[in-house]
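Asks: fold the following for me, if possible:
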Amino acid sequence: DVFNIYLSNDELEKLDKLKLDCRDGQIRDLFLIGCFSLQRFSDYSRISPEMIKTTPKGGKVIELIQVKTKTRVIIPIKPTMDVLLKKYGYQVPIIPQQEVNDRMKVIGKPSG
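Replies: As a prediction, this is how the structure comes out:
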């Protein structure tokens, strides 16, 4: 049996508004980028400026090749995700997946 957990938009917004120290803030931001991009950690954790493209209509997208499937995907960058990405110069913080998993269990408790 699999127990699937998801966060509502309200919960993501609460998480985004939490006042955190620098490292926990980076972990939270990386987690949120993952939520907004709908990608696996192996994909969203390597977003870099070279992957950011502008559409003919002026919108921003992330263009990447997924690690697991080798599939090319184009991900629209919505305003909330753009704010997070811009904060880091479109280069997501490099944080080990296990650290993100462990800290998000603690960080996420107040937002539930």
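Asks: poorly predicted segments of the protein, please.
Replies: 110-112 (pLDDT under 70).
Asks: how about 90 then?
Replies: The model of the chain has pLDDT under 90 over residues 1-7, 108-112.
Asks: what ranges do the helices span in it?
Replies: Remark: helices assigned in the chain by DSSP state H are 9-17, 22-37, 41-44, 79-87, 97-107.
Asks: the fourth one to helix 22-37, inter-axis angle?
Replies: For helix 79-87 against helix 22-37, the angle by axes from the mean of the first three to the mean of the last three CA atoms, to 10 degrees is 140 degrees.
Asks: buried ones in helix 79-87, by neighbour count?
Replies: Within helix 79-87, the residues that count as buried by 16 or more other CB atoms under 10 Å are T80, M81, D82, L84, L85. The way it works is simple: take the backbone N, C-alpha and C, and place the C-beta from them, glycine included.
Asks: against Q66, how distant is the fourth one?
Replies: Looking back up the chat, that one is L84. Here the criterion is CB to CB, to the nearest Å. By it, L84 lies 20 Å from Q66.
Asks: could you count how many residues lie near D16?
Replies: 15 (other CB atoms under 10 Å).
Asks: same deal with P93?
Replies: Residues lying near P93 (other CB under 10 Å) number 15.
Asks: now it, nearest residue through space, not along the chain?
Replies: In space, and not counting its chain neighbours, P93 is closest to Q26: 4.3 Å by CB to CB, 6 or more residues apart in numbering.
Asks: re the thing from before, which one of the buried residues of helix 79-87 is nearest R46?
Replies: Lowest distance from R46 to the buried residues of helix 79-87 (CB to CB) belongs to L85, with 12.9 Å.
Asks: centroid residue for this protein?
Replies: I33 (1.3 Å; CA atoms, centre = their mean).
Asks: ok, it - contacts?
Replies: Contacts of I33 were listed using CB atoms under 8 Å, 6 or more residues apart in numbering, and they are Y44, I47, M81, L84, L85, V92.
Asks: all set now, cheers.
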